[in-house]
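Enquirer: coordinates only, sequence not included:
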Ligand SMILES: [Fe+2]
Ligand SMILES: [Fe+2]
């Protein structure tokens, strides 16, 4: 697949960029407990995510659902995506703490790492509260994914910490950027998306620059290892975005519906679209090469045969 690649990000001085990010954080950070009206009821006449982003859109199973069921499914899918977001934020917080542990806390770079951890703490509370309001439950990743996350957060190296962060942040960001401006969607989901998009823009800048800065310092063996482990992270984070359990909320068999979603070209195209910017960045930086590329394709992130290539620039 050909994607329209972003130019390789210009890497600025580590301390200078961290100083700018700290200044921006001081000006525009949000406390979701104060900013969001958590007592407002969910508007059940609205979708939580645009219908064409729901995993079953366009399938036979979708045709069988009533409009109310489709809206209900959209709420559970947003809850599932937020649950995976929260799962990865918890992993990221530990990775950032490990990053800071080995470095000088008087630097802007480490102080921004602490600031990002604080942001992610607030985000995780926000996602947990939204998930509870939308679905009345948490969609925990399956046993294998949960425990692979446990290993990953303990052993990740520099490139894996920041590439993993950038991948998950970019996927969520694309969906949230689209959702936050769609006035037809549920207001709670829009409010959560707006806060997350503003603060994640800084996280992605920090991760992208640190990744590019650090990557070329690694030798061939370390690079091959990082590509392989990153492929696993990408595969598990993406294929678990929508828990099969969400389908129970509208009376569908989880196995049958998950199979339909896996084969659904609309759903594959959504994943390819959400990943297009980070795919372009990784491709350009040299992280997307070798056998790991097969895993990226299996996860539905490099498009499907015959589909038009997503345009990276359209998302900004
Ligand atoms: Fe976050
Ligand atoms: Fe983040």
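Expert: Perfect, thanks for sending it. This structure is a prediction, so every number in the text was calculated from the model and none was measured. Ligands and ions are numbered 1, 2, ... in the order given.
Enquirer: Do stretch 193-207 and ligand 2 come into contact?
Expert: Yes - using Cβ under 5 Å from the ion, we find that stretch 193-207 touches ligand 2 at 200, 203. Just so you know, the C-beta spots here come from the backbone N, C-alpha and C atoms, and that holds for glycine as well.
Enquirer: Report the buried residues of that stretch.
Expert: Residues of stretch 193-207 classed as buried by neighbour count (16 or more other Cβ atoms under 10 Å): 193-197, 199-207.
Enquirer: Let me know the closest of those residues to ligand 2.
Expert: The closest of those to ligand 2 turns out to be residue 203 (Cβ to the ion; 3.5 Å).
Enquirer: surely the closest one meets residue 117?
Expert: No - using Cβ atoms under 8 Å as the test, residue 203 is too far from residue 117 to be in contact (10.4 Å).
Enquirer: need the residues of the stretch 51-200 of the chain near ligand 2, please.
Expert: Listed as neighbours of ligand 2 in the stretch 51-200 of the chain under the rule Cβ under 5 Å from the ion: 169, 200.
Enquirer: and the gap between residue 92 and residue 258?
Expert: 26 Å (Cβ to Cβ, to the nearest Å).
Enquirer: more neighbours, the two?
Expert: residue 92 (26 against 20; other Cβ atoms under 10 Å).
Enquirer: And the residue nearest to residue 267 when sequence neighbours are not counted, how far from ligand 2?
Expert: Spatial nearest neighbour of residue 267, excluding adjacent residues (Cβ to Cβ, 6 or more residues apart in numbering): residue 55 at 4.7 Å. For residue 55, the distance to ligand 2 equals 24 Å [Cβ to the ion, to the nearest Å].
Enquirer: what about residue 55, neighbour count?
Expert: Neighbours of residue 55 under the rule other Cβ under 10 Å: 27.
Enquirer: Low-confidence regions, the stretch 101-250 of the chain specifically.
Expert: Counting by pLDDT under 70, the stretch 101-250 of the chain contains no low-confidence residues.
Enquirer: Which stretches in it count as helices?
Expert: For the stretch 101-250 of the chain, applying DSSP state H, counting those that start in this stretch gives helices covering 108-135, 143-155, 158-180, 187-215, 220-239.
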